[in-house]
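**Q** Quick check, what structure comes out for this input:
(2 chains, ligands or ions: 3)
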Amino acid sequence: MKLGFYPGCSLEGASREYNESVQAVAEKLGIELVSIPDWNCCGATAAHNLDKELSLSLPARNLALAEEAGLTELVVPCAACYSRFTVTQHELLHDNAMHKKVNEIIGKEYKGTLRILNVIQFIEEYIIDKLEDNMKFEINKKVACYYGCLLVRPNKILNFDRTEDPQTMDVVMKKLGADSIDWAFKTECCGAGFSVSFTEAVGRLSGKIIEDASHRGAEALVVACPMCHSNLDMRRPAMDKYNGKKIDTPVIYITQAIGLALGIDRKKLGLNRHFVPVKLDNFKPYVKKEVVVENTQIMEEI
Amino acid sequence: MARIGVFICHCGENISATVDCPKVSEVAAKFPGVAYSVDYKYMCSDPGQSLVVNAIKEHKLTGIVVSACSPRMHEPTFRRACAEAGLNPYLCEMANIREHCSWVHEKGDRTDQKAIDVVRMMVEKVKRNNALMSIKVPVTKTALVIGGGVAGIQAALDIANAGHKVVMVEREPSIGGHMSQLSETFPTLDCSQCILTPRMVEVAQNPNITLYTYAEVESVEGFVGNFNVKIRKKAKSIDETLCNGCGMCTTKCPQKKIPNEFELGMGNRPAIYVPFPQAVPNVPVIDRLNCTYYKNGKCKICEKFCQPKAIRFDQEDEIIEVAVGAISICTGFDVKKTDFFPEYGYGKHKDIIDGLQFERMASASGPTLGAIRRPSDGAEPKKIVFVACAGSRDPAKGIEYCSKICCMYTAKHAILYKHKVHDGTAYIFYMDIRAAGKNYDEFTRRAIEEDNAQYIRGRVSSIYERDGKLIVIGTDTLMNHETVEIEADMVVLATAGVANQGAEELAQKLHVSYDQHRFFSEAHPKLKPVETNTAGIYLAGACQSPKDIPESVAAASGVAGKISCLFSSSELTREPLIAFVDRIAAPDYSSCTGCFLCQPVCPYNAIEKEDIKDRAGNLIKSLAYINPGLCQGCGTCVAICKSKSIDIDGYTNQQMYSEVDALLNS
Ligand SMILES: Cc1cc2nc3c(=O)[nH]c(=O)nc-3n(C[C@H](O)[C@H](O)[C@H](O)COP(=O)(O)OP(=O)(O)OC[C@H]3O[C@@H](n4cnc5c(N)ncnc54)[C@H](O)[C@@H]3O)c2cc1C
Ligand code: SF4
Ligand code: SF4
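**A** Ligands and ions are numbered 1, 2, ... in the order given. Down below sits the predicted model:
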């Protein structure tokens, strides 16, 4: 099985462990991820605030390259890249003039045939059915799934999960045997926009998220976005300062959780790279549940 | 020789700003058969109408075309003018150059040309018009009132007191509607039950009113003055004539844990129940879905204890047919439930309730006997948050309109809360305080000044539960958009008022229109607020849009006035625009071959059989005959007739073709 793959800058830099865990899980389950040749920045940084054409052209070039490479589905694990790609696809398919202009700018013809998958959709379509046969452990922990802002918004374009109180990650975590809790901050802002410029704001915003999760007994937060992760993980001192107490609830990627359930080596999943140490262990060995298929006909005959 | 008059109206600037009216008049003057053509600023005004009348007389006109607005608007006006001038009113035609021309096109030659074409078509048509006589039909002086809320009650009583018969159909086991659920009412704080229940009893006792509860309209046929209505009276499993309302059955029924709809799920009721103690009629019904007997075939305890032996387990739905002359729709509204709000937890928090639930809680006859209590643990809430505009005025939620009643009832709730919980604080998040109405603004001031309601202007972005408290996150737009966080014990959402369930189906049964929010539409937003587009069918109360009690009652009395007018004479005049089968000389008598294909397609069952017999009484031929009292002029039979034997007066094939010809040959 071959799927297109767009790592983006985060997965090659600050969030290497996200990339490592996606790759490790894919490899384990026999899924080949093919990177877009000669990919470029997705424009999630400043472009979309400054220049509309640039903000559409950057993702469009990537998408056109992927189409040229004969890919039909593209996995985009970073929530920000995913947002830029889907918004670009939507805008260009709904605005002929802009579509033409962007094609000229990138010097390629973007057709719009590609299916773009975020990491949850990737898991739902290609991984979840394989879990039962491959799981070694149950993640028997209380976890809080944190979706952040970009994964489910804007709902009109993405049409993915519900904007308030989304559920898709919770479903995956429950499948892994986790107790995913009902909590209040699933989609509250973590302050990633101010990660560098105004860390105090991050301390307050992310601080509330971490505090609520730990208050409700979560042993880990589960995320699917490198920005959420680096904020919630790296800015912990600012949060602790805001909360007036030290909270050491770790933050893991959903792909790391899957990797742990599949019994993949912790280092291979990049779990050693976090600022807040991930101590989660003592997982319950997974026993496949026997599915009893009732043959009603035979039953009746008996 | 035709002598047609053409009257081009400017409609102030509505038409003349876009269409060159003098030019149209000039061109029209040259059309064959046109004897007179003129343009004028307001043709419908008194001098305008005089112009028409005088021109008809002076120029001996044989027909006129008024080129102005839609015939819906002023056709009757100009037909009256014709009659006054001694011309048959059906020799008047309207050429619509406003809605069909000036309002929808830009100024220019092509628009002028379109106006000219429209006039030319109508000139050709009117040349072929025949003088017609209007039809008289009898009026059945009985009104049907659908829905027994305060609007329906008012309409029924007013019509009955004017001396006419009324049939009232109410879906629930009791009349009363939402008002019977309210505690006290703004802006006077008088007790809702105390002012409503006497009127409910009056309905039951008025000899002119026949009340069917637990009943719905099954089908409606006919037309103004002559509707035939089938009513489905759902089986109550009780013989109403025997039941004396003792209530033994309801106390003995072992099924006690069914969520009580009247208390909005905040209390329980048995399987055999009356919705509330003051119900009218005071006769229980068995809820068959939850009754042990209907589920398992065992129980019948109620039957054992019923002294007058009124329980009927084998009772079936009954279809009752009534003939009525007019119908009033008073089916009211509904409110959105808390599960409509994802940002407030999809209704999963017990202590977030809606406004109606708060009414029940504050009501002396409610589940808490009037005490304000948290549904989760029964504790008295010391901090309560009211959220106004929950869902309303929010295009993202698909409800762009203002629900109108919630600002006022939220102020009322804050007052009632303070009267019951003296040491408590009420916060109200609002967008604007909409308190227009007699003594309304004074009422909200009272909430703020006397009862210390804390109004915060801003919206609530989310509410979540933490350690038994509800954390309400909002913003204060008057305080520099600061985030406000309130740790509340209870939250009341003033949820949007929406159309009642089943409104759409009812509208379709009655052939009346409804808007995009499924509220029934009035015929004209200003001048016909209680009429529908279908003659003889009226509407009152919150089925039209959210309304408070005074407005609902006023509209209901308006409907009663309209219906009393309709019933004031024994005959109605109807337009003679109906179908007829052609007649020719013997031996053919008609081109109709008697195939009767038309009979099953007529939606009004107006087509009958007419036998042509010789002097000796032998049958020569059977022809289709169209009953002029029933025909609505829909034209379906015209389309299906193979031998082209049917035509519609006022819209004959010849008239229609002449219009098309005029357009094609222009
Ligand atoms: C929380 C709350 C508080 C309020 N407080 C006040 C207040 O203090 N003062 C005030 O003036 N107003 C108040 N109102 C508004 C008031 O409730 C309405 O103005 C009033 O109920 C409208 O009356 P109605 O008869 O038009 O509709 P309803 O009261 O809704 O009655 C409609 C009736 O028609 C019946 N029905 C529905 N469909 C059918 C059908 N298809 N066939 C047969 N029967 C049918 C229903 O069962 C019901 O009995 C409040 C409203 C709410 C929600
Ligand atoms: S038969 Fe039904 S209504 Fe009567 S007592 Fe039993 S459960 Fe209640
Ligand atoms: S009446 Fe007040 S609370 Fe209700 S929708 Fe209108 S503005 Fe909002």
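
**Q** Would you map the strands across the stretch 101-250 of chain A?
**A** Along the stretch 101-250 of chain A, counting by DSSP state E, counting those that start in this stretch, strands occupy A:115-117, A:137-138, A:142-145, A:179-180, A:220-223.

**Q** JSON lines for those, including mean pLDDT and distance to ligand 3?
**A** No exception for glycine: its C-beta is placed from N, CA and C like everyone else's. Formatted as JSON lines, the strands of the stretch 101-250 of chain A follow (pLDDT from 0 to 100; distance: least, Cβ to the nearest ligand atom, whole Å):
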{"stretch": "strand A:115-117", "mean pLDDT": "95", "distance to ligand 3": "39"}
{"stretch": "strand A:137-138", "mean pLDDT": "96", "distance to ligand 3": "49"}
{"stretch": "strand A:142-145", "mean pLDDT": "97", "distance to ligand 3": "34"}
{"stretch": "strand A:179-180", "mean pLDDT": "96", "distance to ligand 3": "36"}
{"stretch": "strand A:220-223", "mean pLDDT": "97", "distance to ligand 3": "37"}
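
**Q** Please identify the deepest-packed of the ones you listed.
**A** strand A:220-223 (a mean of 26; mean count of other Cβ atoms under 10 Å in any protein chain shown).

**Q** nearest spatial neighbour of the residue in the stretch 351-500 of chain B positioned nearest to ligand 2, skipping sequence neighbours?
**A** Using Cβ to the nearest ligand atom, the single residue of the stretch 351-500 of chain B nearest to ligand 2 is residue B:367, 20.6 Å away. Leaving aside its chain neighbours, residue B:367 sits nearest to residue B:267 (3.8 Å; criterion: Cβ to Cβ, 6 or more residues apart in numbering or on different chains).

**Q** related to what we said a few turns ago, redo the strands of the stretch 101-250 of chain A as TSV? Include distance to ligand 2.
**A** Formatted as TSV, the strands of the stretch 101-250 of chain A follow (distance: least, Cβ to the nearest ligand atom, whole Å):
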stretch	distance to ligand 2
strand A:115-117	54
strand A:137-138	46
strand A:142-145	44
strand A:179-180	40
strand A:220-223	49
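
**Q** Make CSV from the ones you listed and add distance to residue B:230 to it.
**A** Shown next, in CSV, are those (distance: least, Cβ to Cβ, whole Å):
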stretch, distance to residue B:230
strand A:115-117, 54
strand A:137-138, 62
strand A:142-145, 55
strand A:179-180, 54
strand A:220-223, 59
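
**Q** and the gap between residue B:351 and residue B:375?
**A** As judged by Cβ to Cβ, to the nearest Å, residue B:351 and residue B:375 stand 6 Å apart.

**Q** So if I had to pick from those two, which one is more boxed in?
**A** Taking other Cβ atoms under 10 Å in any protein chain shown, residue B:351 and residue B:375 do not tie; residue B:351 has more neighbours (22 against 17).

**Q** so that one touches residue B:489, yeah?
**A** Yes. Using Cβ atoms under 8 Å, residue B:351 is in contact with residue B:489, at 6.9 Å.

**Q** Quick check: bridge partners of the residue lying closest to residue A:5 once chain neighbours are set aside?
**A** Excluding its sequence neighbours, the residue lying closest to residue A:5 (Cβ to Cβ, 6+ apart) is residue A:33, at 3.8 Å. Applying DSSP bridges to residue A:33 gives these bridge partners: residue A:3.

**Q** need the contact list for residue A:33.
**A** Taking Cβ atoms under 8 Å, 6 or more residues apart in numbering or on different chains, we find residue A:33 in contact with A:3, A:4, A:5, A:22, A:23, A:26, A:75.

**Q** So which of those belong to strands?
**A** A:3, A:4, A:5, A:75 (DSSP state E).

**Q** can I assume the second one is in contact with residue A:70?
**A** This means residue A:4. No. The pair residue A:4 / residue A:70 is not scored as a contact, 9.1 Å apart, by Cβ under 8 Å.
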